[in-house]
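Next one to model:
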Amino acid sequence: MYKLFLLILLFISFTSFSQENEESRLSDSTKLVLYQLYQQELTKIRQRKFQDSIMELVIKEQVRNLDLDSNATKSINRSIAINQNDFIEDTLSGIKKYPVIGILEDTLFYFNQPIGTLSAEERAENLSGKLKDLFKDDYFVIDSLKIMDNGEDLEIYYQNIHLVTITTEDANFHNTTIRKLTNYSLTQIKSDFEKAYKERSLFINLLKAGKVILILIGLWLTIKLIGFVDDKILELVDKHKNTWLRDLKYKNYTFLSRYQELGLINFLIRVIKWILIVLALYISIPLIFSVFTFTRGWADKLINLVWTPFKSIWVSIWSFLPNIFTILAILIVMHYFLKFIKYIFMEIKKEKLTIPGFYPDWAKPTYGIIKFLMFAFTIILIFPYLPGSDSKIFQGVSVFVGILFSLGSTNAVSNMVAGIVITYMRPFKKGDRVKVGSVTGDIIEKNLLVTRINSIKNEVVTIPNATILSGNILNYNILGSESGLIIHTTVTIGYDVPWKKVHEALKEAAIRTEPILKDPEPFVFQTELSDFYVAYQLNAYTTEPNKQAAIYSSLHSNIQDVFKEYDIEIMSPHFRANRDGNSSTIPEDYIGIPHGKKSKQSKIKKETESSDQVLGDRGQAIEQKIDDVTKNMDEDQNMDESDENSKDESSGDKKK
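Down below sits the predicted model:
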């Protein structure tokens, strides 16, 4: 381009020089340069023309040689075709092909090109479905399949039902013409229908039924053989059990006896038997369903029904393995932490470790509370790693269970809180004799919910902790086992007995009772001076509060014995009697009267004597009452005398 510009400039210069020679003259040096450039360009143009001529001659010679050598031409064409085919195959090998599945589940041909909005995969699936629908039609005629030309592409129809469209792109993919490809596709479809109708013929179906029967017979024989071998193995093991089996022991402890080992072996043999039977069924079912065309898909579906759940479980377990290791790590850490906490509290319980203000009997319940809290904390840590913990259903069920627990465990929670409070109140401990409400007995069990008491009648009474916390608790052991529990009982004695004598008798009775302490010695209180008697209360110490019932029984027996020895009558609150010779309430063995004889006692008018002491304020009413009592006593005396005379007469008759 630059050189052409110089030539044009040179030509214009010469033209101007010729026309206006006188007006614009150029210097000699400028003219010389322009002339040299012109000569150089002219030389190059001549050389280029010469080269072009040589190339033209060479090409003509080659063409003449190619025309003369036909064999060489064919060879070149063949190599070009081979190279083209290789290129096409290399290009098409990377394109995915989608098969058209026939009625017999065979591949008829492939699609790899889309058409319109349909992909190649959709074209294959649509044609496969249409062919299967046509096969279900009992009036289907193979000859009704035909090819129609729509101007650009060819289409395959059954009557008026469009089946598939074959395009030019499909033909190019298969390296053929569109007509050949359409004819090939129609031939494949017709062939598939013919094979399917042959498969459905009666004779073939009978042959297939025979195959099914043979498979079933083989399955039955296999199951029988497995059962026969299983029975023989069981008989052999049972026959040699005394020789083959031994008790699995470690020192004096037997982990597995011979009979337990026999039962375990029998169980394993039966498990193996059923595994083999299931395996035989697993192999036979696909064989049976593969005989008939319409049942070939059933086998896969049936096996998937059984295998898919196990497969999903296994996949879940496999994907859950990292979480399992995390959960195990949490459990191991919590386990050893709890062991450390337990060791600390056991040392406190054994009083090897003392903490000011922390009693040894608090160690076990406190450890239980900490253990419960640690379990709850462990569950909170593990919960996110559980399978399905983030699902809405799992969360909903968890909330529902929590609501049910909170609504239904109100009393239980109150008892648990009361149990914790009672534990740290320390009102009693196991083995103490207590009185809760109307129940008296020994504590035999105490937990977070209830307390059990063994009553003095050997009855186990269960009392909720909330009830105990809301009432009063009487404990006989807190001071009774140290300074002694004071047991007490009251007797009423008439005013005619000196009180010092009563005090002496009561103390003697207390000393004779075994569990009662002599130091500190028993003491007596006069608690009441009634109209007709004095109330004496005996108090004595004992360090065995759990034996109160037996102590009271023994004490009362000793009181009766000692009072009889001291010739003291225990008067009931309103005991009244007129003695005119009848015997006292004291047994004869205690007052020295021989058995069978009666003492003559003077008349006793106890009411009259006592009335003189209380007459002042009562006045006329009491005097009238005393007169009535005196009359009754006189009548009783006369009746006693008549009874005595009658007895004397009867005794005289007996002597005669």
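
Can you give me the distance of the closest residue in space to residue 551 that isn't next to it in sequence to residue 429?
The shortest distance from residue 551 to any non-neighbouring residue, by C-beta to C-beta, 6 or more residues apart in numbering, is to residue 515 (5.2 Å). (C-beta placed from N, C-alpha, C; glycine too.) Going from residue 515 to residue 429 by C-beta to C-beta, to the nearest Å gives 21 Å.

Now do the SS call for residue 140.
Look at residue 140: counting by DSSP: H, G, I helix; E, B strand; the rest coil, its state is coil.

Now do the contacts for it.
Contacts here follow C-beta atoms under 8 Å, 6 or more residues apart in numbering; on that basis residue 140 touches 134, 158, 193.

let's go with 6 Å and repeat that
residue 134 (C-beta atoms under 6 Å, 6 or more residues apart in numbering).

per-residue pLDDT, it?
On pLDDT, residue 140 comes in at 76.

Check the spacing between the closest residue to residue 385 other than its chain neighbours and residue 508 real quick.
Leaving aside its sequence neighbours, residue 385 sits nearest to residue 323 (C-beta to C-beta, 6+ apart; 4.1 Å). Distance, residue 323 to residue 508, by C-beta to C-beta: 81 Å.

what's the answer for residue 397, then?
Going from residue 397 to residue 508 by C-beta to C-beta gives 76 Å.

and those two? which has more neighbours close in?
residue 508 (17 against 11; other C-beta atoms under 10 Å).

For the host helix or strand of that one, enumerate the helices and strands it packs against.
Following DSSP states H and E, one finds residue 508 within helix 499-512. In terms of contacts (3 or more C-beta pairs under 6 Å, 6 or more residues apart in numbering; DSSP states H and E), helix 499-512 is packed against strand 534-542, helix 548-565.

switch to 7 Å and redo it
On a contact count with 3 or more C-beta pairs under 7 Å, 6 or more residues apart in numbering; DSSP states H and E, helix 499-512 meets strand 523-529, strand 534-542, helix 548-565.

Now do the last one: everything it contacts.
Where contact means C-beta atoms under 7 Å, 6 or more residues apart in numbering, the residues beyond helix 548-565 that reach it are 433, 456, 487, 489, 491, 505-506, 508-510, 512-516, 542, 570, 586-587, 590.

where does residue 102 land on pLDDT?
Note on residue 102: pLDDT of 84.

What of residue 575?
Reading off the model, residue 575 has pLDDT 48.

do the same with residue 656
So residue 656 comes in at 33 (pLDDT).

Kindly report the same for residue 32.
On the pLDDT scale, residue 32 is placed at 58.

now do residue 604
Value for residue 604, per-residue pLDDT: 39.

again with the one 4 residues further on
According to the predicted model, the pLDDT of residue 608 comes to 39.

which residues are in contact with stretch 230-243?
With C-beta under 7 Å, 6+ apart, stretch 230-243 has contacts from 258, 262, 265-266, 269, 273.

what about 10 Å?
Stretch 230-243 is touched from outside by 244-245, 258-259, 261-262, 265-266, 269-270, 272-274, 276-277, with contacts defined as C-beta atoms under 10 Å, 6 or more residues apart in numbering.

Work out the gap between it and the centre of the chain.
40 Å (C-alpha atoms, centre = their mean, to the nearest Å).

Also stretch 542-556?
With C-alpha atoms, centre = their mean, you get 53 Å for stretch 542-556.

And for stretch 98-112?
The answer for stretch 98-112 is 51 Å, by C-alpha atoms, centre = their mean.

now do stretch 123-132
Stretch 123-132 has its C-alpha centroid displaced from the chain centroid by 50 Å (C-alpha atoms, centre = their mean).

contacting residues around it?
In contact with stretch 123-132 (C-beta under 10 Å, 6+ apart) are residues 97-103, 105, 107-116, 118-119, 156, 158, 161-165, 167, 170, 185, 189, 192-193, 196.

Narrow these to those in helices?
Taking DSSP state H as the definition of helices, the contacts of stretch 123-132 contribute 170, 185, 189, 192-193, 196.

Could you save the residues you listed as CSV and add columns showing pLDDT?
Below are these laid out as CSV (pLDDT from 0 to 100):
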residue, pLDDT
170, 81
185, 86
189, 86
192, 84
193, 83
196, 80
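
hang on, the residue nearest to residue 551 packs against residue 480?
No - the pair residue 515 / residue 480 is not scored as a contact, 11.1 Å apart, by C-beta atoms under 10 Å.

joint contacts of those two?
Joint contacts of residue 515 and residue 480 (C-beta under 10 Å, 6+ apart) are 487, 541-545, 548.

Please convert the buried members of those residues into ChimeraX selection syntax.
In ChimeraX syntax, the buried subset of the shared contacts of residue 515 and residue 480 is picked out as below (16 or more other C-beta atoms under 10 Å):
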select :487,541,542,544,545,548
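
Can you lay out the shared contacts of residue 515 and residue 480 as CSV showing distance to residue 471?
Converted to CSV, these look like this (distance: C-beta to C-beta, whole Å):
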residue, distance to residue 471
487, 23
541, 28
542, 26
543, 27
544, 26
545, 20
548, 20
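
quick check, nearest of the shared contacts of residue 515 and residue 480 to residue 250?
Nearest to residue 250, judged by C-beta to C-beta, of these is residue 544 at 45.7 Å.

Do I have it right that the closest one meets residue 485?
Yes - under the criterion of C-beta under 10 Å, residue 544 makes contact with residue 485 at 8.3 Å.

Need the residues touching each of these two.
With C-beta under 10 Å, 6+ apart as the test, residue 544 and residue 485 both reach 433, 476-477, 517, 551.

And those residues, which two are furthest apart?
Farthest apart among the shared contacts of residue 544 and residue 485 by C-beta to C-beta are 433 and 517. That separation is 17.0 Å.

Just want to know which of those two has more residues nearby.
Applying other C-beta under 10 Å to residue 433 and residue 517 shows that residue 433 carries more neighbours, namely 24 against 17.

Quick check, pLDDT for that one.
pLDDT for residue 433: 89.

got a pLDDT number for residue 532?
Reported pLDDT for residue 532: 84.

Could you look up the SS state of it?
Secondary structure of residue 532, per three-state DSSP, is coil.
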